[in-house]
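# Next one to model:
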Amino acid sequence: MIDLKSDFLASGSPLRREVSGDDVSDIIFTSGTTGRAQGVMMTHAQNLRWTRAWCDTVGLTEGDRYLIVNPFFHMFGYKAGCITSLMRGATILPVPVFDVPTVLDLVEREKVTVLPGPPTLYHSLLAARDRRDLSSLRLAVTGAADIPVELIRRISRELPFRDIFTGYGLTEAGTVTLSRPGDSFDDIATTVGAPCDGYEVRIAGDGEVLVRSQCVMKGYLDDPAATAEAVDAEGWLHTGDLGSIGNGGRLRILGRKKDMFIVGGFNAYPAEIEGFLLEHPAVAQVAVTGVPDERLGQVGKAFVVRAAPISAAALIAWSRTRMAGFKVPSYVTFLDTLPLNATGKVMKDHLR
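Reported below is the predicted structural model:
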């Protein structure tokens, strides 16, 4: 116990400074999966503004028990995890290293109510549902990967979650879009939801997703040139992602602008092709990149982690029945695992 009458504070030189909402709160570096990592400066007011909108949308409340599997150096773990929990009085249950048995033990023992994670986590929950008490779970949050519609349907029907959310966010802008309670399985699996309060989203002529909000970063650390390139004179953040807007203003992400490749004059989007391939029951994980081709300029190559035996020829033949010819991968390479960074994103530069 701390002795409040001690001279601990007087014995040192504690730093005291008045802080305003416009002061920089933190500097978080981007993942660097498609280029050089950049330090993103975000203010106190911006952090509080977008995390409050996140809490309101997903319904995080006092008394929730939040198992945080995302690392704290990442926007999701630190801001949509720690800051949101502190704002709403939720209990924080951190997991230092993602490990399925540890997560299941904590869910059962600590009566976890909020559980974010990648699709693989929910597959593990489904496999363990008859052996574990998962009845406390009420809120699932996923994203950053294509999610089969059937998986969303099974999560809703076979697990106790009352709400399932997916969304789209950037270090430079916070959480931009989220699904809403009552959204269909298809909407949750194939889109990243509609814009959150205070955000505008539009699609540029070349298909790039543009975002405008008071929550768009103050700038990149020590790099005004990169800041000016990313945020135009009208305040639109050029995300580098390609997308489209459909029913109800819901955003669909087609992939990274840098990842798109051109097959005989047609634009091919890796995320879309990956979504098709994930419908095959033998495909557990997949990443698609463009590779040089003498005749067509570029063609697709799929890196696949198998869930069941299948040959490259069989998967390519199956693909021809599911997607346009220019989207069908010309090559398939099987891997035991995909190269991931610490936040779970596939490092496609390593695959290339």
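# Where does the prediction get shaky in the stretch 51-200 of the chain?
For the stretch 51-200 of the chain, the stretches with pLDDT under 70 are 143-146.
# Just the strands from it, written as ranges.
For the stretch 51-200 of the chain, applying DSSP state E, counting those that start in this stretch gives strands covering 65-68, 91-94, 114-116, 139-143, 163-170, 174-178, 194-195, 199-203.
# Point out the most buried one among those strands.
Most buried of these by mean neighbour count (mean count of other Cβ atoms under 10 Å) is strand 174-178; its value is a mean of 27. Glycine gets a C-beta too; all of them are placed from N, C-alpha and C.
# Please name every helix or strand in contact with that strand.
Judged by 3 or more Cβ pairs under 8 Å, 6 or more residues apart in numbering; DSSP states H and E, strand 174-178 is in contact with helix 44-58, strand 163-170, strand 194-195, strand 199-203, strand 208-213.
# so which of those gets nearest Ala282?
Ala282 lies closest to strand 163-170 among the helices and strands packed on strand 174-178, at 24.3 Å (Cβ to Cβ).
# What pairs with that closest one, parallel or antiparallel?
strand 139-143 (parallel), strand 174-178 (antiparallel) (DSSP bridges).
# Could you say which one of these comes nearest to Val263?
strand 139-143 (27.8 Å).
# So what angle separates the directions of that closest one and helix 44-58?
Angle of strand 139-143 versus helix 44-58, following axes from the mean of the first three to the mean of the last three Cα atoms, to 10 degrees, is 120 degrees.
# what sits up against strand 139-143?
By Cβ atoms under 8 Å, 6 or more residues apart in numbering, the residues outside strand 139-143 that reach it are 58-60, 64, 80, 113-119, 121-122, 155, 159, 161-169, 192.
# Please repeat the previous calculation with a cut-off of 6 Å.
For strand 139-143, contacts defined as Cβ atoms under 6 Å, 6 or more residues apart in numbering pick out Val114, Pro116, Phe161, Asp163, Ile164, Phe165, Thr166, Gly167.
# Can I get it in CSV, CA atoms only?
Presented in CSV, the C-alpha positions along strand 139-143 are these (Å, rounded to 0.1, in the frame of the first residue of the first chain):
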residue,chain,number,x,y,z
LEU,A,139,-19.8,-9.8,-28.7
ALA,A,140,-17.5,-10.9,-31.6
VAL,A,141,-15.4,-8.5,-33.6
THR,A,142,-13.4,-9.6,-36.6
GLY,A,143,-12.0,-8.2,-39.8
